[in-house]
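Peer 1: pasting the sequence and the predicted model now:
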Amino acid sequence: MTRSHLELDHKLMNWQRSFFTFMFCLSACNAPGPLAGSGWRQAGGLDGDMIPFVEVSPDKAKDGATYREAINRLCGPGHCVQVGFFLAGDSIPPSGTRGDFFRAGGWGNYKPLAVYMGGEFTKWDCERAGEVAAPMSALCGGSAP
């Protein structure tokens with residue numbers, strides 16, 4: 001190889017290295033992190049956020065709009081199987097796999113404010129999440145047995 005070929009190879013290698021470094025930094029800077037909204041933040045999840053865990057601030061725990069906003073932001077079409085909502089300070093499950101979580105007892109080991117699945121809330125803590133925003137299926141207040 002001549003000296004000019006070596007210089008050209010060296011410049012090409014430097015350009016490639018610079019390009020890949022730039023692309024890596026760009027993707028790292030744009031990598032999505034946990035989402036947050038008004039009175040809530042994503043606090044982990046299972047199977048790559050197929051079941052996100054949401055921590056709700058105490059002042060928003062009885063605000064139904066807080067739950068709807070989190071669901072709308074976290075669960076686009078086909079993105080979520082369930083969503084678990086927890087009051088700030090509550091024990092939140094560690095992130096991991098659905099299999100490990102449900103084999104270990106699932107939601108029964110925790111005290112979620114609410115659990116959303118399949119377009120509806122399947123669990124709702126009437127006292128901590130409130131009766132006003134509660135779905136009919138929660139049987140809060142005078143409807144409770």
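Peer 2: Ah, there it is.

Peer 1: backbone phi and psi for the spatially most central residue of the chain, please?
Peer 2: Of all residues in the chain, the one closest to the mean position by CA atoms, centre = their mean is residue 52, 3.6 Å from it. The phi/psi pair for residue 52 (degrees, to the nearest 10) reads phi -80, psi 150.

Peer 1: isn't it right next to residue 42, touching?
Peer 2: Yes: using CB atoms under 8 Å as the test, residue 52 is close enough to residue 42 to be in contact (5.4 Å). Every C-beta, even on glycine, is put in place using the N, C-alpha and C of the backbone.

Peer 1: overlap in contacts of the two?
Peer 2: Counting by CB atoms under 8 Å, 6 or more residues apart in numbering, the shared contacts of residue 52 and residue 42 are residue 74.

Peer 1: quick check on the closest residue to residue 83 other than its chain neighbours: phi, psi?
Peer 2: In this structure, residue 83 finds its nearest non-sequential neighbour in residue 116, 4.3 Å apart by CB to CB, 6 or more residues apart in numbering. When read as degrees, to the nearest 10, the backbone of residue 116 gives phi -110, psi 130.
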